[in-house]
Each structure stands twice: as structure tokens, then as C-alpha cells.
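[1] Show me the folded form of this:
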Amino acid sequence: MLFLFDYFIHKPFLTFPRKRTVLYNYIYILLKYYEKIQNPVLGFCQPHIQSTVSFFSSREILSRIENVILGIVTSLSKDENPVLALPNRSMNVLFIITDLALVVSLFEAQILKIFLVIYKLVQSNSYATKRDIYYNNTQLFGSQKTVDSIVDDISCMLKVPRRSLHVMATSKGLISGDLCYLEEDGTRIDCRSGSAAVAVSSNIGGIRNIVSSAKFVMIVEKDATFQRLLDDDFCAKLSPCIIITGKGVPDVNSRLMVRKLWDTLHIPIFALVDADPHGIEIMCIYKYGSAMSFEAHNLTVPSVMWLGLLPSDLQRLRVPEDALIPLTKRDESKLSSLLKRPYLTSQPDWQKEMELMQQTQVKAEIQSLAAIAPDFLTNIYLPNKLRYGGWDLSPMLPLNGKTSELLKLVAKLKKDRPCNCPA
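    So this is what the prediction gives:
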């Protein structure tokens with residue numbers, strides 16, 4: 001099989017009729033051998049069915065890859081155009097590639113190369129990152145984005161999670177709080193350092209022995225806000241908690257980590273995002289998933305709750321007008337698109353908040369709360385949201401002297417300053 005992969009990748013046989021005929025004869029014998037020893041199923045263009053299995057054996061992965069390749073060479077041996085089903089990852093729809101010239105350039109140059117890499121990784125029980133694959137042949141792939149897309153397409157085509165292909169993505173997420181666990185290699189990870197965060201693991205599936213007394217997990221949209229919470233020692237000021245950020249649009253590992261914590265600890269999951277369409281969409285990715293719909297059951301956390309920043313908070317807290325930002329045309333388009341998504345029909349409170357944003361035509365970043373008071377986010381906003389928001393949590397830290405002073409300041413500001421947020 002590896003010989004066959006290498007032949008596809010390095011020999012432009014389809015441009016030479018004689019080589020093509022010789023290869024057909026070899027393939028015919030090879031196919032007969034495979035049919036005899038394993039009777040492979042070649043019907044790989046069946047309608048997509050969402051898998052409910054999260055773990056696949058190496059033998060099964062190898063068999064699925066072999067079946068795809070054998071399907072291609074079977075078509076070639078019959079002098080037919082190969083057919084490959086590339087699922088549209090945002091919908092359960094199959095794109096069928098049947099044009100021979102397109103197949104040659106697509107398979108021979110890129111897809112088959114990555115199939116070969118994956119086959120060798122699974123066979124040897126070793127791992128590589130998407131970046132490793134790209135730098136293995138930068139001229140062939142052209143960009144990291146090409147590798148990322150093909151790996152995800154192969155994952156969807158084979159109906160297995162990407163991690164089962166032994167291909168990992170370099171994590172960009174950070175995590176901190178009341179959490180300890182063991183990596184697959186036995187390394188002990190302690191996330192309890194108040195001033196420093198830990199990089200999210202690149203192999204979430206290998207994490208074991210999770211120990212935590214956290215009362216909740218808080219997803220933080222942006223790294224800047226996450227760092228501010230660390231600097232203010234947020235996790236030490238409340239009951240034990242865990243904070244995690246995907247630094248904007250989350251990578252798969254950050255989403256898997258949130259799901260792992262939810263499955264293991266069975267505690268509330270909150271989201272702290274900007275009061276803008278982009279922040280809402282990021283929160284929806286954690287809760288409902290993204291384009292990788294076939295793996296949604298492994299990546300999403302349906303219980304995610306929108307803690308803040310809410311558009312209604314801008315009015316309620318009377319955030320200064322100069323801290324508010326007018327919606328752009330792009331924002332309006334994104335907001336309208338979000339409101340049309342079917343899953344939001346089950347979130348009437350979210351819909352009301354988004355409709356309020358449409359009405360007021362303004363958005364705000366979490367940092368806008370600093371216009372009320374420098375420590376407002378960590379000492380007032382979040383503690384009170386968690387304490388009085390109706391969540392099922394143990395009592396939070398009682399108000400200290402500094403917090404009481406800030407509450408008095410906020411009350412004075414509300415009394416002295418009219419609401420500047422458009423109605």
C-alpha cells in the first residue's frame with residue numbers, strides 16, 4: 001500500500017498511456033490480493049452519516065484509507081474517471097470530484113501526499129502537527145491553510161475525528177485556575193499559578209487524572225481580557241474556578257478542553273465575550289459548533305451560558321458614550337445572519353440581546369467597563385454577575401472593603417450622569 005501511495009505522488013503516470021497500462025495490470029493483481037485477504041468495501045460515496053463513535057482503532061483508520069485509495073485505483077483499472085466524495089463540512093452535503101485532470105492535480109500533488117503522511121503516522125503510532133506536515137513540503141502545499149483544509153476534509157471524508165488521524169494542531173489557547181491533570185506522557189500539569197497561564201494541551205484525548213474543586217469554568221474571548229483577569233488574581237478572589245481563552249476564534253484543542261472539563265467536572269460553563277456580533281459568534285462556536293459539523297458532538301458544550309458583556313449591560317451600567325462603538329455595515333450583516341440561525345430560536349434571551357444591539361446600533365468591548373472604574377470588571381461586574389445572576393453556584397466571596405467603595409462610586413456615577421447609551 002505504501003508503494004502505491006508513493007507511486008501516485010511521485011509518478012505522473014496519467015500523462016503516459018504505456019505507464020498507465022502497466023500500472024493497470026499491477027493494480028489489478030494488487031486488488032485481487034486485497035479482495036482475497038480483507039474483501040474491502042469500495043462504496044465510499046454513500047450519503048454522509050454522523051458518527052457517534054469518538055474512538056477508532058489504528059486498524060480501522062488504516063482500512064478506511066486503504067478503501068479510499070482502492071476505490072480510486074479500481075476506477076482507473078476500469079479506465080473510468082475516479083470519484084472522490086469531499087463532504088461540505090458546513091452541511092452534510094457531498095461534493096463529487098469526477099474530472100480526471102482535476103483529480104490528478106488534486107490527489108497527486110496534495111491530498112494523496114497527506115494521505116500517505118497520515119497512513120505512516122497511524123501505522124507507526126506516532127504524531128505530527130499540521131505545521132510539521134506543511135514544512136515537510138512547503139512547495140507542494142504552498143500555504144499552511146491548504147494543509148489545514150485538506151486534513152479537515154480527510155477527517156470528514158473518513159468520518160473520524162482529526163486526532164484519530166494522529167495529526168495534531170498546535171494549541172493557541174491558555175488555561176488557568178483550580179485544575180491539575182496528567183498528560184499522556186505522564187507529565188503533571190498544574191494550572192493553579194495565579195500569575196501565569198498554561199498552554200492548552202495539543203493532545204486533549206490523552207489527558208487523565210483531572211483534579212479540580214472549581215465551581216465553574218469561564219470562557220474568555222480575548223487574550224487581553226484573560227491576562228487582565230490573571231493580573232487581578234481573579235480566580236483567587238472568588239470560589240475556585242477555571243478560566244480559559246482560545247484567543248479569539250477558538251482552535252479545536254481549546255474547544256476540546258472546554259468539552260473535556262464539562263464532561264469530567266459537571267460544572268457550569270460561562271462565556272465572557274465582547275458585546276458585538278463577532279464575540280457572540282465565538283460564543284456560538286463553543287456552544288453549537290462551527291464548520292466541522294460532523295464532529296460537533298465531540299466539540300460543543302450545549303450548556304454554555306452568556307455571562308457578559310450583554311448589550312443590555314451597556315444601558316444598565318450607563319457605560320460612557322465615548323466607550324461605545326457604532327456598528328459597521330459588516331457588523332449589521334453579521335448580526336442579521338446570527339439572528340437567522342435555527343439554533344437561536346431556543347435562546348429567546350440571546351435573541352432579545354441581539355435585537356437590542358440592532359436597535360441601539362452600538363457595540364462595546366469588555367475593556368469599556370474600565371471607563372466606569374479601573375477594577376470594575378474583576379471587582380464588581382463579574383462577582384455580582386456570578387453572585388446575583390441566578391446561577392446554581394455556591395456563595396461567592398463576600399464583598400470586601402475595596403469592592404464596597406467601588407459599588408458606592410458606581411451608584412454615585414449613575415446618579416450624577418444620565419444614560420448616554422442610545423435607546
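[2] Could you use CA atoms for every contact and neighbour count after this?
    Will do.
[3] can you give me the helices for the stretch 51-200 of the chain?
    Counting by DSSP state H, counting those that start in this stretch, the stretch 51-200 of the chain has helices at residues 58-77, 100-103, 112-124, 130-136, 138-141, 144-158.
[4] okay, these in TSV with mean neighbour count and mean pLDDT next?
    Supplementary listing: the helices of the stretch 51-200 of the chain in TSV, determined by neighbours: other CA atoms under 10 Å; pLDDT from 0 to 100:
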stretch	mean neighbour count	mean pLDDT
helix 58-77	18	80
helix 100-103	14	47
helix 112-124	19	84
helix 130-136	17	81
helix 138-141	14	78
helix 144-158	18	82
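[5] if we compare those helices, which one ends up closest to Gly308?
    Proximity to Gly308 (CA to CA) singles out helix 144-158 among the helices of the stretch 51-200 of the chain, at 31.9 Å.
[6] rewinding a little: quick one: which of the helices of the stretch 51-200 of the chain is nearest Lys172?
    helix 130-136 (13.0 Å).
[7] List of residues touching the closest one?
    Contact with helix 130-136 is made by Ile114, Val117, Phe141, Ser143, Gln144, Val147, Asp148, Val151, Val167, Met168, Ala169, Thr170, as judged by CA atoms under 8 Å, 6 or more residues apart in numbering.
[8] The fifth one: what's it in contact with?
    With CA under 8 Å, 6+ apart as the criterion, the residues that contact Gln144 are Lys130, Arg131, Tyr134.
[9] And the strands in the stretch 251-400 of the chain, which stretches?
    Secondary structure of the stretch 251-400 of the chain (DSSP state E, counting those that start in this stretch): strands at 269-272, 305-308, 325-326, 362-363.
[10] which stretches of the protein have low pLDDT?
    The chain contains residues with pLDDT under 70 at 1-55, 81-109, 194, 291-297, 389-423.
[11] per-domain residue ranges of it.
    Listed by automatic domain parsing, the domain ranges of the chain are 2-168, 174-312+326-359.
[12] Quickly compare those and say which is most buried.
    Scoring the domains of the chain by mean neighbour count under mean count of other CA atoms under 10 Å gives domain 174-312+326-359 as the most buried, with a mean of 19.
[13] re the thing from before, next, format the domains of the chain as TSV and append distance to Arg387.
    Output for these, formatted as TSV (distance: least, CA to CA, whole Å):
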stretch	distance to Arg387
domain 2-168	37
domain 174-312+326-359	10
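[14] if we compare those domains, which one ends up closest to Ala371?
    Each of the domains of the chain has some distance to Ala371 by CA to CA; the shortest is domain 174-312+326-359, at 14.2 Å.
[15] End to end on the closest one, go ahead and measure it.
    35 Å (CA to CA, to the nearest Å).
[16] Over to Val220: give its phi and psi.
    When read as degrees, to the nearest 10, the backbone of Val220 gives phi -110, psi 120.
[17] who touches it in this structure?
    By CA under 8 Å, 6+ apart, the neighbours of Val220 are Phe226, Ile243, Ile244, Thr245, Gly246, Ala271, Leu272, Val273.
[18] at 6 Å what do you get?
    Ile244, Thr245, Leu272 (CA atoms under 6 Å, 6 or more residues apart in numbering).
[19] just Asp185 next, same as before
    Applying CA under 6 Å, 6+ apart, no residues contact Asp185.
[20] coming back round to it: now the strands of the stretch 251-400 of the chain as JSON lines including distance to Thr187?
    Compiled in JSON lines, those are given as follows (distance: least, CA to CA, whole Å):
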{"stretch": "strand 269-272", "distance to Thr187": "26"}
{"stretch": "strand 305-308", "distance to Thr187": "32"}
{"stretch": "strand 325-326", "distance to Thr187": "45"}
{"stretch": "strand 362-363", "distance to Thr187": "43"}
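[21] For Asn253, find the nearest of these.
    Set against Asn253 and scored by CA to CA, those come closest in strand 269-272, at 16.6 Å.
[22] helices and strands around the closest one, which ones?
    For strand 269-272, the packing partners by 3 or more CA pairs under 6 Å, 6 or more residues apart in numbering; DSSP states H and E come out as strand 216-220, strand 305-308.
[23] Taking their axis directions, the helix or strand following the first one and strand 216-220 sit at what angle?
    Taking DSSP states H and E as the definition, the helix or strand that follows strand 216-220 towards the C-terminus is helix 223-231. Interaxial angle of helix 223-231 relative to strand 216-220 (axes from the mean of the first three to the mean of the last three CA atoms, to 10 degrees): 140 degrees.
[24] now could you export just the CA positions of helix 223-231 as PDB?
    Extracted in PDB, the C-alpha atoms of helix 223-231 (Å, rounded to 0.1, in the frame of the first residue of the first chain):
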ATOM      1  CA  ASP A 223      -6.300  37.100  25.400                       C
ATOM      2  CA  ALA A 224      -6.100  40.800  26.700                       C
ATOM      3  CA  THR A 225      -9.100  40.200  29.000                       C
ATOM      4  CA  PHE A 226      -7.700  36.800  30.100                       C
ATOM      5  CA  GLN A 227      -4.400  38.400  31.000                       C
ATOM      6  CA  ARG A 228      -6.300  41.200  32.900                       C
ATOM      7  CA  LEU A 229      -8.100  38.500  35.000                       C
ATOM      8  CA  LEU A 230      -4.700  36.900  35.800                       C
ATOM      9  CA  ASP A 231      -3.200  40.200  36.800                       C
END
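[25] list the helices and strands that helix packs on?
    Helices and strands touching helix 223-231, by 3+ CA pairs under 6 Å, 6+ apart: there are none.
[26] what comes into contact with that helix?
    Residues from elsewhere that reach helix 223-231, judged by CA under 6 Å, 6+ apart: Ser195, Lys247.
[27] could you point out which element follows that helix?
    Where DSSP H and E defines the elements, the next helix or strand beyond helix 223-231 is helix 234-237.
[28] Can you give the contact residues for that following helix?
    Contact partners of helix 234-237, identified using CA under 6 Å, 6+ apart, comprise Cys241.
[29] List the neighbouring strands of the helix or strand following it plus their orientation.
    Of the helices and strands lying after helix 234-237 in sequence (DSSP H and E), the nearest is strand 241-245. Strand pairing for strand 241-245, determined by DSSP bridges: strand 174-177 (antiparallel), strand 216-220 (parallel).
[30] quick one: which of those strands is nearest Leu369?
    Checking those against Leu369 by CA to CA gives strand 216-220 as the closest, at 15.2 Å.
[31] ok, back up a step: rebuild the contacts of Val220 as TSV, extending it with distance to Ser254.
    Shown next, in TSV, are those (distance: CA to CA, whole Å):
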residue	distance to Ser254
Ile244	8
Thr245	7
Leu272	15
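[32] hang on, the earlier thing: now the helices and strands packed on strand 269-272 as CSV including distance to Lys334?
    Shown next, in CSV, are these (distance: least, CA to CA, whole Å):
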stretch, distance to Lys334
strand 216-220, 21
strand 305-308, 18
